[in-house]
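# How does the following fold in three dimensions:
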Amino acid sequence: MNIKQYLDSTYLKTAEQAGISEEKNNLVAQEFVQEAIEEHFKLIMIRPEMVSLAKKMITEANSLVQIGTVIDFPEGTSLLEDKIQEALHAIQDGADDLDFVCNYMAFKNGEIDLVKEEILRCTQLGLAHNKVVKWIIEVAALTEKEIIQLSSLIKNVIVSNFEQELFPKVFVKSSTGFYKTENNLPNGATIPAIMMMLENASPLPVKAAGGVRTYEEAVAMIELGVKRIGTSGAKMIANGQNSNNEY
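Down below sits the predicted model:
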């Protein structure tokens, strides 16, 4: 198994979140991009403001590493038009994957039509530009019933509005890695959550993000059926070591 082709090496912290200067944080992001190039990972997942620099680095290295970024991150509560504008900007900067935070709070509040509309329109935008689209549902904020319902809702919107050959380009993704849980509960992908997502999002692929910290855990997720894994410890996982990173 070439596990590197499942790994989205991820660095999404702001300077404030990392507790370092803007300059230092930019250097950390660049180090992640360089590592992804050298290690031949599937993709580097970075903040929108770093996409153009990553594109330049990857092009100059003649690398096949793809670039992903996050949209309306990490809360997902922005207006639809703001989400679309942010996605357009990322497309123009050279992003290959657009990871939208689904407005899961609207979903929890019963605003189903709002959620369906953003999934439809943002997915239309991404696919029209030949991008991969992922929908982050933030499993740690949802009950088991809500994980099942939201995974099914996304699937139904995609299956009802797009051709079958496009289904592999629209993922349901578990987590942002930034959700604050109570009592130290996991805020990323767990086996039970991923199993519910796989069962209810199919035929759409699933990405496990956050919480995968060892090679064995990554293999277990892949064997369940996950197509991508988001982690800030991609190199350590690929080398069979344990990652102590939070995401």
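# Leaving out chain neighbours, which residue sits closest to the most centrally placed residue in the chain?
Central residue of the chain (Cα atoms, centre = their mean): Asp99, 4.8 Å from the mean position. Among residues not flanking Asp99 along the chain, Lys134 sits closest, at 4.3 Å (Cβ to Cβ, 6 or more residues apart in numbering). Quick note: C-beta positions are derived from backbone N, CA and C, even for glycine.
# Neighbouring strands of the one helix or strand that neighbour maps to in the sheet, and parallel or not?
Here Lys134, judged by DSSP states H and E, is contained in strand 132-136. Looking at strand 132-136 with DSSP bridges, its partner strands are strand 97-101 (parallel), strand 170-173 (parallel).
# Which positions in the helix or strand just after the last one come out as buried?
Scanning forward in sequence from strand 170-173 by DSSP H and E, the next helix or strand is helix 191-201. The neighbour-count check on helix 191-201 (16 or more other Cβ atoms under 10 Å) flags Ala193, Ile194, Met196, Met197, Leu198, Asn200, Ala201 as buried.
# Export only the CA atoms of helix 191-201, formatted as CSV.
The C-alpha coordinates for helix 191-201 follow below in CSV (Å, rounded to 0.1, in the frame of the first residue of the first chain):
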residue,chain,number,x,y,z
ILE,A,191,-13.9,4.8,13.9
PRO,A,192,-17.6,4.9,14.8
ALA,A,193,-18.1,8.3,13.1
ILE,A,194,-16.2,7.2,10.0
MET,A,195,-18.3,4.0,9.7
MET,A,196,-21.5,6.0,9.9
MET,A,197,-20.2,8.5,7.3
LEU,A,198,-19.1,5.6,4.9
GLU,A,199,-22.4,3.9,5.2
ASN,A,200,-24.5,7.0,4.7
ALA,A,201,-22.4,9.1,2.3
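# residues in contact with the helix or strand where Ala87 lies?
When elements are assigned from DSSP H and E, Ala87 belongs to helix 80-93. Identification of contacts with helix 80-93 by Cβ atoms under 8 Å, 6 or more residues apart in numbering yields 48, 51-52, 55, 69, 71-72, 78, 98, 100, 114, 117-118, 121-122, 125-126, 129, 131.
# Take these and keep only those in helices.
Residues of the contacts of helix 80-93 located in helices (DSSP state H): Val51, Ser52, Lys55, Leu114, Glu117, Glu118, Arg121, Cys122, Leu125, Gly126.
# give me the number of residues near the closest residue to Pro205 other than its chain neighbours?
By the measure of Cβ to Cβ, 6+ apart, the closest residue to Pro205 outside its immediate chain neighbours is Lys227, 4.0 Å from it. Lys227: 17 surrounding residues under other Cβ atoms under 10 Å.
# looking at it, Lys227 is touching Phe171, isn't it?
Yes: the criterion here is Cβ atoms under 8 Å, and Lys227 meets it with Phe171 at 7.1 Å.
# Tell me where the chain is predicted with low confidence.
By pLDDT under 70, the low-scoring segments of the chain are 246-247.
# If anything else comes up later, I'll come back, but that's it for now.
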